[in-house]
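Chemist: Just the structure for this:
(one chain, ligands or ions: 2)
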Amino acid sequence: MVKASVLGASGGIGQPLSLLLATSPLVDELSLYDVVNTPGVGADLSHINGTAKITAYLPENGAGLEKALTGCDIVVIPAGIPRKPGMTRDDLFKINAGIVRDLVTGVAKFCPKAFVLVISNPVNSTVPIAAEILKQHNVFDATRLFGVTSLDVVRASTFVADVVGGDRTKYRVPVVGGHSGETIVPLLSQITPSVDIPADKLDALVNRIQFGGDEVVKAKDGTGSATLSMAYAGFRFAQALLKAAKGETGIVEPTYVYLPGVEGGKEIQEIVGGLEFFAVPVELGPSGAVKATNPLPSATDYEKKLLNTAYEGLKGNISKGVEFIAAQNSK
Ligand SMILES: NC(=O)c1ccc[n+]([C@@H]2O[C@H](COP(=O)([O-])OP(=O)(O)OC[C@H]3O[C@@H](n4cnc5c(N)ncnc54)[C@H](O)[C@@H]3O)[C@@H](O)[C@H]2O)c1
Ligand SMILES: O=C(O)C[C@H](O)C(=O)O
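Modeler: Ligands and ions are numbered 1, 2, ... in the order given. The predicted structure follows:
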């Protein structure tokens, strides 16, 4: 019996992500939680003749979150405001930091052993916030907390195929670092199946992967950011985790994790200048993150330059999240 929950289920990502989870044979119960509209979204999804039972909750002064989360094995969090043109993901911190703090407090209380998948931006900071909250409640297990960076991986496969041709579903690109602009580092020298990116196309391709989110924000012209591709990517990661939890082996997906708490992470932490959070391809298993793989030593000189820039950006983003919680504790 697998219970999944989507927090922010009525939103642009939440609805299509919930649709995908509702039709997954790996989910037995899907609980939808949002501050608005979950009765309607829940009624709608409950007419699908899938295997998942659909439940839907509004806050009800805290009781709704408790009911949504109790018994959950996996919690996906796309709650929070999206960007408008001209904004950075960090501009979302002011509002989304508090939303993630409160929702993860619910996770700590009502389903402390669940896998937690954070989509809400800025991921580089909201995942450290989630970790601090779970630590505060003495339930932090780094192998169960994931920043979802799958959209960068999905985009990388698509954009590589746009440049070199071939089957876009087959390219696997290790994308490491974080999830914003220059903290997103695609290791294009390690694509499988291997491809040669023409030297004169490399800068533009890397830039497109790093700033792919901006393309959508611009095209949506003030109405939000990527939702459908994000739902696809978020479902892809959730599904990988659920398959691994059921015992399927050999599943490796890039994700933003707390390095010191994942096997293989400490050695990566030394390379990335001591950063505690970093996205790398992670082997998934029944308990979540089984092993962080380390593609960094094989990075080309070109990629090492990108990595150095990413380290700088991430450092500030991570401490901003950690300090946000520390400041609240000292009040
Ligand atoms: N990780 C990624 O790759 C990635 C990709 C795309 C978007 N995002 C981020 O995901 C977030 C959501 O984007 P969206 O387009 O779905 O936004 P949206 O505004 O369409 O939906 C957000 C939903 O969150 C709900 N919400 C707000 N506060 C809440 C709370 N306290 N509890 C529960 N629900 C709450 C809102 O009611 C809304 O339904 C944004 O922060 C966006 O930047 C991340
Ligand atoms: O660009 C955004 O703000 C949303 C998301 O992080 C994305 O990469 O599409």
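Chemist: use CA for all of it now, contacts and neighbours both
Modeler: Fine.
Chemist: list the contacts for the residue lying closest to residue 294 once chain neighbours are set aside?
Modeler: Spatial nearest neighbour of residue 294, excluding adjacent residues (C-alpha to C-alpha, 6 or more residues apart in numbering): residue 268 at 6.4 Å. Residues near residue 268 by C-alpha atoms under 8 Å, 6 or more residues apart in numbering: 259, 294, 296.
Chemist: The lengthiest helix in the chain: which residues count as buried?
Modeler: Taking DSSP state H as the criterion, the chain has its longest helix at helix 301-329. Judged by neighbour count using 16 or more other C-alpha atoms under 10 Å, the buried positions of helix 301-329 are 303-304, 306-307, 310-311, 313-315, 317-322, 324-325.
Chemist: Check stretch 101-112 too.
Modeler: 101, 103-112.
Chemist: Check the residues you listed against ligand 1 and report the nearest one.
Modeler: residue 103 (6.5 Å; C-alpha to the nearest ligand atom).
Chemist: Wait, a helix at that closest one?
Modeler: Yes. Assessed by DSSP: H, G, I helix; E, B strand; the rest coil, residue 103 belongs to a helix.
Chemist: Could I get the contacting residues of it?
Modeler: Per C-alpha under 8 Å, 6+ apart, neighbours of residue 103: residue 7.
Chemist: what's the spacing between residue 100 and ligand 1?
Modeler: According to C-alpha to the nearest ligand atom, to the nearest Å, residue 100 stands 7 Å off from ligand 1.
Chemist: quick check: mean pLDDT across the helix or strand hosting that residue?
Modeler: Per DSSP states H and E, residue 100 falls inside helix 93-110. The average pLDDT within helix 93-110 is 98.
Chemist: C-terminal to it, which secondary structure element comes first?
Modeler: Of the helices and strands lying after helix 93-110 in sequence (DSSP H and E), the nearest is strand 115-118.
Chemist: and that following strand, does that touch ligand 1?
Modeler: No. Applying C-alpha under 6 Å from any ligand atom, one finds strand 115-118 out of contact with ligand 1, separated by at least 7.0 Å.
Chemist: Which residues does that strand contact?
Modeler: For strand 115-118, the external contacting residues (C-alpha under 8 Å, 6+ apart) are 73-78, 126-127, 144-148, 238, 288.
Chemist: and with 7 Å instead?
Modeler: Residues outside strand 115-118 that contact it (C-alpha atoms under 7 Å, 6 or more residues apart in numbering): 73-78, 127, 144-148.
Chemist: how about the nearest residue in space to residue 221 that is not next to it in sequence, secondary structure?
Modeler: The shortest distance from residue 221 to any residue other than its chain neighbours is 6.7 Å, reached at residue 85 (C-alpha to C-alpha, 6+ apart). With three-state DSSP as the basis, residue 85 sits in coil.
Chemist: who's in contact with the closest residue to ligand 2 within the chain?
Modeler: Nearest residue of the chain to ligand 2, counting by C-alpha to the nearest ligand atom: residue 213, 3.4 Å away. Listed by C-alpha under 7 Å, 6+ apart, the contact set of residue 213 reads residue 226.
Chemist: And what about it, helix, strand or coil?
Modeler: Applying three-state DSSP: residue 213 is helix.
Chemist: Would you agree the residue nearest to residue 221 is in contact with residue 217?
Modeler: Yes. Between residue 85 and residue 217 there is a contact under C-alpha atoms under 7 Å: 5.9 Å.
Chemist: My impression was that residue 55 belongs to a strand - is that right?
Modeler: Yes. The assignment for residue 55 by three-state DSSP puts it in a strand.
Chemist: ok, it - how many residues close by?
Modeler: If you count neighbours by other C-alpha atoms under 10 Å, residue 55 ends up with 20.
Chemist: Excluding covalently adjacent residues, which one is nearest to it?
Modeler: residue 31 (4.6 Å).
Chemist: give the contact list for residue 292.
Modeler: With contact set as C-alpha under 7 Å, 6+ apart, residue 292 has these partners: 262-265, 280-283.
Chemist: change it to 8 Å
Modeler: By C-alpha under 8 Å, 6+ apart, residue 292 lies in contact with 259, 262-265, 280-283.
Chemist: what's the closest non-adjacent residue to it?
Modeler: Nearest one to residue 292, counting by C-alpha to C-alpha, 6+ apart, is residue 282 at 4.5 Å.
Chemist: Show the backbone phi and psi for that neighbour.
Modeler: When read as degrees, to the nearest 10, the backbone of residue 282 gives phi -120, psi 130.
Chemist: Equivalent analysis for residue 5, please.
Modeler: Per degrees, to the nearest 10, the backbone of residue 5 is at phi -130, psi 140.
Chemist: correct me, but it touches residue 70?
Modeler: No. Residue 5 is beyond contact range of residue 70, at 9.7 Å (criterion: C-alpha atoms under 8 Å).
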